[in-house]
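*Asks:* I'll drop the sequence and a predicted model, then ask my questions.
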Amino acid sequence: MKLIAKSSLTLFVAMMTGCFSDTPNERFLDYQERIANIQQSELIAAPVLELVELPAKRQLTKEIPRTTLGLVDSYQLRKCNLFGLIAERNSVLGKVQDQFRNFDYQLQLIDGLERCLTSNQIEPELKESLQTILDVKYQHLPDYFFNLIYTSDAMRLQLSGSDWIVKRDASSALQIREPLEAFNAVAKFIATSERGTLSRPPLLTDYQEILEKQNVIGRLAFSLEASERWLQTVTEQLNQYDNSIPCGKNRDMSRFNYLVNVFNNVFVKEVQPYLSYLDSEYQALSAQTLFVSALLQTRDDNGYDLEARHLAFKQANRAHVDYWKGLFKRCGRDLSSVVSR
């Protein structure tokens, strides 16, 4: 607990127009310190900011049964151009494919099986076996997709976060828009009951590198959660020492006026723009990341819910603004324009 000395109040007023740090964490801390300085109160402990990370791979991995086809039957697949794909998959390198290449193989295999089933060069008995394999592949395609998202190194890096997302010239969400559109196309393909009527979705390996290098979703999740905790801390600071701000007739309103300056120059001009930026980044990503939480709805113990984090963030923002509205009302000042919630 840090005690704010009374003598520092004058210094605070002199520095009221000073610049904030560009680091969101320091920005929130500076905001809280300015408030505590005016309150001449102890500084409530800063929130503990936790990493956003997925459970271990072994906790998430879904087991999928293997499908096999006899060697003689496999050779028949040359007639419908599927033998080469299967042979490559069964090679030494093919057996150690990562999750991205394995998932793309499953899509290509499904496409090839559909093609072979319509070929008049494939014997009826073999078609029966191929149909059985195809049914199994369709049945477990959601599991392959689940494993890709939650156990591949690239997507685990994308969904994990330990750093603040910061405003740049262009939206961070735009950096991974194309990969997410590809993932949504796959999700749509999986969800429809008439897959044969849809064109095969895009292969995802092409987007592996950008998802690995451009961490957006995880940093946004971290920033939403961290901002929520900081807002709760600063709101607690305001509420706990609210009685240190006197208001009313024949009362010294200096501290209230200092807080008004903090509200206008710090919250409205510095903090709220960052909160609005986070909200806009979430809105840009939310429509493109529905597949992330949707796949985990059946795994309650391992939920990764960006929407829930955003809701908690909004509630903390609302509670914080409500304090300011109450303070202005108590002190007889008109808060004509409250920051949008």
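*Replies:* Okay, I see it.

*Asks:* tell me the contacts of Leu211?
*Replies:* Leu211 is in contact with Ala154, Met155, Leu157, Gln158, Ile176, Pro179, counting by CB atoms under 8 Å, 6 or more residues apart in numbering. From N, CA and C alone the C-beta is placed, and that goes for glycine too.

*Asks:* I'd like those as JSON lines, with distance to Tyr277 appended.
*Replies:* Compiled in JSON lines, the contacts of Leu211 are given as follows (distance: CB to CB, whole Å):
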{"residue": "Ala154", "distance to Tyr277": "26"}
{"residue": "Met155", "distance to Tyr277": "25"}
{"residue": "Leu157", "distance to Tyr277": "23"}
{"residue": "Gln158", "distance to Tyr277": "20"}
{"residue": "Ile176", "distance to Tyr277": "17"}
{"residue": "Pro179", "distance to Tyr277": "22"}
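
*Asks:* And those residues, which two are furthest apart?
*Replies:* Spatially, the most separated pair among those is Leu157 and Pro179, at 12.8 Å (CB to CB).

*Asks:* Just want to know which of the two has more residues nearby.
*Replies:* With neighbours defined as other CB atoms under 10 Å, Leu157 and Pro179 compare such that Pro179 has more, 23 against 17.

*Asks:* Which of the contacts of Leu211 fall in helices?
*Replies:* Members of the contacts of Leu211 lying in helices (criterion: DSSP state H): Ala154, Met155, Leu157, Gln158, Pro179.

*Asks:* And the fourth one, how far from Asp279?
*Replies:* Spelled out, it's Gln158. Per CB to CB, to the nearest Å, Gln158 is found 21 Å from Asp279.

*Asks:* higher neighbour count, the two?
*Replies:* Neighbour tally, Gln158 and Asp279, criterion other CB under 10 Å: the higher count belongs to Gln158, 24 against 18.

*Asks:* what sits against that one?
*Replies:* Ile176, Leu211, Glu212, Gln214, Asn215, Val216, Ile217, Gly218.

*Asks:* what sits against the nearest residue to Thr205 once chain neighbours are set aside?
*Replies:* Distance criterion CB to CB, 6 or more residues apart in numbering; nearest residue to Thr205, sequence neighbours excluded, is Phe100 at 4.6 Å. By CB under 8 Å, 6+ apart, the contact list for Phe100 reads Leu148, Ser152, Ala154, Leu204, Thr205, Gln208.

*Asks:* can you count the residues close to the third one?
*Replies:* Close neighbours of Ala154, defined as other CB under 10 Å, add up to 22.

*Asks:* can you give me the end-to-end distance of stretch 167-186?
*Replies:* Start to finish, the residues bounding stretch 167-186 are 30 Å apart (CA to CA, to the nearest Å).

*Asks:* Buried residues of it, list them for me.
*Replies:* Lys167, Ser172, Ala173, Gln175, Ile176, Pro179, Leu180, Ala182, Phe183, Asn184, Ala185, Val186 (16 or more other CB atoms under 10 Å).

*Asks:* SS state for the first one?
*Replies:* At Lys167, secondary structure determined by DSSP: H, G, I helix; E, B strand; the rest coil is coil.

*Asks:* Was I right to think it contacts Tyr274?
*Replies:* Yes. Here Lys167 reaches Tyr274: they are 7.3 Å apart, a contact under CB atoms under 8 Å.

*Asks:* Need the buried residues of stretch 167-186 in JSON lines (columns: pLDDT).
*Replies:* Formatted as JSON lines, these follow (pLDDT from 0 to 100):
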{"residue": "Lys167", "pLDDT": "81"}
{"residue": "Ser172", "pLDDT": "80"}
{"residue": "Ala173", "pLDDT": "80"}
{"residue": "Gln175", "pLDDT": "84"}
{"residue": "Ile176", "pLDDT": "90"}
{"residue": "Pro179", "pLDDT": "92"}
{"residue": "Leu180", "pLDDT": "91"}
{"residue": "Ala182", "pLDDT": "91"}
{"residue": "Phe183", "pLDDT": "91"}
{"residue": "Asn184", "pLDDT": "87"}
{"residue": "Ala185", "pLDDT": "87"}
{"residue": "Val186", "pLDDT": "89"}
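
*Asks:* residue contacts, Tyr75?
*Replies:* Going by CB under 8 Å, 6+ apart, Tyr75 touches Phe83.

*Asks:* Helix or strand: which one has it?
*Replies:* In this assignment (DSSP states H and E), Tyr75 forms part of helix 71-76.

*Asks:* residue ranges with poor pLDDT in this protein?
*Replies:* Along the chain, the model assigns pLDDT under 70 to residues 1-22, 70-73, 92, 94-95, 169-170, 193-198, 293-303, 336-341.

*Asks:* List phi and psi for the residue sitting nearest the centre point of it.
*Replies:* Closest to where the C-alpha atoms of the chain average out (CA atoms, centre = their mean) is Ile217, at 3.7 Å. Main-chain dihedrals, Ile217, degrees, to the nearest 10: phi -60, psi -50.

*Asks:* do the same with Lys249
*Replies:* Dihedral angles (degrees, to the nearest 10) for Lys249: phi -60, psi 140.

*Asks:* And for Leu43?
*Replies:* phi -90, psi 120.

*Asks:* how close does it sit to Ile35?
*Replies:* Using CB to CB, Leu43 is found at 9 Å from Ile35.
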